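Undergrad: Sequence first, then the predicted structure, then my questions.
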Amino acid sequence: MDIYLVGGAVRDALLNIPIKDRDWVVVGATPDQLLAQGFQQVGADFPVFLHPHNKEEHALARTERKSGSGYQGFDCRFSPDITLEEDLLRRDLTINAMAQDEQGQIIDPYHGQQDLQDKMLRHVSPAFAEDPLRVLRVARFAARFAGLGFQVAEETLALMRQMVTDGELNHLVAERVWQETQRALTEDHPQVYFQVLRDCGALKIWFKEIDDLFGIPQPEQYHPEIDCGIHALMSLQACVPLSEDIATRWAALTHDLGKALSDKENLPRHFGHETKGLKPIKALCKKLKAPKEAQQLALLSCEFHTHIHRAFELKPETLLKVFDSTDAWRKAERFEQLLVVSTADSRGRTGFEHCDYPQAGYMRDAFQVALSVTAQDMIAQGLAGPAIREGLQSARAKKLKEWKLSQA
């Protein structure tokens with residue numbers, strides 16, 4: 001048997017970036033041979049084995065044949081006579097279809113090294129079109145390697161468009177779409193993922209509420225980029241240096257979904273977009289089966305980001321309403337995430353990418369002032385029952401008023 005390092009490990013080594021996982025292909029072997037050598041079988045659909053010592057995945061060379069709809073409709077064939085080239089042919093992109101033998105020699109039958117040099121994401125064969133999940137994977141790779149200058153090859157983008165037109169993406173399940181989206185959100189250029197999906201028409205299939213933002217104008221005075229969709233992507237990018245948290249980045253992307261629902265006669269102004277955006281956020285998160293914390297933060301960011309922008313104008317009572325409505329008292333960490341999203345929103349505009357955002361610091365300070373008045377203080381004053389809460393609100397409002405005067 002022959003064993004080859006394959007896929008991302010070979011690609012990343014050639015790019016001189018850290019290797020996350022090492023996958024291996026075994027050519028010329030049977031399952032019984034690997035089991036006899038102490039490998040542990042873990043694959044259900046086709047034989048995948050864990051190395052007896054380092055637990056790295058070793059898969060028998062295989063071919064795939066389309067047998068149904070979606071990304072699960074495949075028949076896999078494996079046998080000792082399947083070649084390495086046949087196994088690599090079934091992979092998605094040329095840069096992922098390279099192998100390295102035990103002597104360190106690169107096997108590159110589909111010109112992946114040339115595409116690495118050209119910084120091109122190109123499909124290996126027409127069989128790419130048989131798996132709709134690959135549309136999302138290409139978009140994710142585009143996000144991952146955007147900083148290195150990679151782009152999707154035009155012929156691959158054309159094939160992705162055709163897959164969308166043929167309805168292939170309708171066969172995906174929400175869990176896999178969110179899984180790819182979640183991974184894309186961890187990249188340094190997550191906005192590229194959504195831009196590539198829009199370029200091939202996939203955004204309107206699974207992220208219609210985001211796609212609807214494109215072409216909607218905003219006042220150029222405050223938003224020189226004008227387009228609401230562009231602003232959403234810029235806000236997501238602005239969030240990257242501020243937070244690695246997926247829910248925070250998701251909220252930065254979706255905070256303005258209500259602007260797609262603004263009355264046309266009022267454009268480019270968007271009255272009440274904060275509350276109008278709650279319904280599409282819920283619909284999008286439900287469709288994607290997004291985690292609860294991602295939906296909750298997105299909803300709070302949608303409803304309250306303009307309150308944060310107007311922090312200096314808010315009355316003490318309004319500040320307390322924001323703290324109450326966001327449950328900042330019990331979930332201070334989530335309140336901090338809201339401030340990060342608001343900062344990203346402010347910086348997600350052409351020419352404002354590095355602007356200061358003192359409102360976040362102001363809200364943090366105001367929250368600490370309010371926290372300095374406690375229920376124990378009320379009890380010490382002889383209050384009991386419902387009177388404690390009433391007294392607490394009143395005392396906190398008074399404290400905030402004094403603090404605001406001291407800031408003037």
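TA: Structure's in. What do you need? Bear in mind the structure is a predicted one, so any value in this text is a computation, not a measurement.
Undergrad: other SSEs contacting the helix ranked longest in the chain?
TA: The helix that spans the most residues within the chain, counting by DSSP state H, is helix 386-407. In this structure, helix 386-407 packs against helix 316-325, helix 358-371, helix 375-380, with contacts taken as 3 or more Cβ pairs under 8 Å, 6 or more residues apart in numbering; DSSP states H and E. C-betas here are computed from N, CA, C, even on glycine.
Undergrad: Buried residues, the longest one. List them.
TA: Residues of helix 358-371 classed as buried under the neighbour-count rule (16 or more other Cβ atoms under 10 Å) are 359, 360, 362, 363, 366, 367, 369, 370.
Undergrad: Compute the inter-axis angle for it and helix 386-407.
TA: 140 degrees (axes from the mean of the first three to the mean of the last three Cα atoms, to 10 degrees).
Undergrad: Give me the contact list for helix 358-371.
TA: 308-312, 319-320, 322-323, 328-329, 332, 335-336, 339-340, 342-343, 346, 396, 399-400, 403 (Cβ atoms under 8 Å, 6 or more residues apart in numbering).
Undergrad: redo that, cut-off 7 Å
TA: Defining contact as Cβ atoms under 7 Å, 6 or more residues apart in numbering, one finds that helix 358-371 is touched by 308-309, 311-312, 319-320, 323, 328, 335, 339, 342-343, 396, 399-400, 403.
Undergrad: Convert the C-alpha atoms of that helix to CSV, please.
TA: Output in CSV follows, covering the C-alpha atoms of helix 358-371 (Å, rounded to 0.1, in the frame of the first residue of the first chain):
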residue,chain,number,x,y,z
PRO,A,358,-16.8,57.4,22.3
GLN,A,359,-20.5,56.4,22.7
ALA,A,360,-19.4,52.9,23.7
GLY,A,361,-17.2,54.2,26.5
TYR,A,362,-19.9,56.5,27.6
MET,A,363,-22.4,53.7,27.8
ARG,A,364,-20.0,51.5,29.8
ASP,A,365,-19.4,54.3,32.3
ALA,A,366,-23.1,55.0,32.6
PHE,A,367,-23.8,51.4,33.3
GLN,A,368,-21.2,51.3,36.0
VAL,A,369,-22.7,54.4,37.6
ALA,A,370,-26.1,52.7,37.6
LEU,A,371,-24.7,49.5,39.0
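Undergrad: hey, where'd the helices end up in the stretch 101-250 of the chain?
TA: Chain-ordered helices for the stretch 101-250 of the chain, with DSSP state H, counting those that start in this stretch as the definition, fall at 112-118, 133-144, 154-165, 174-185, 190-199, 203-206, 208-211, 228-239, 246-254.
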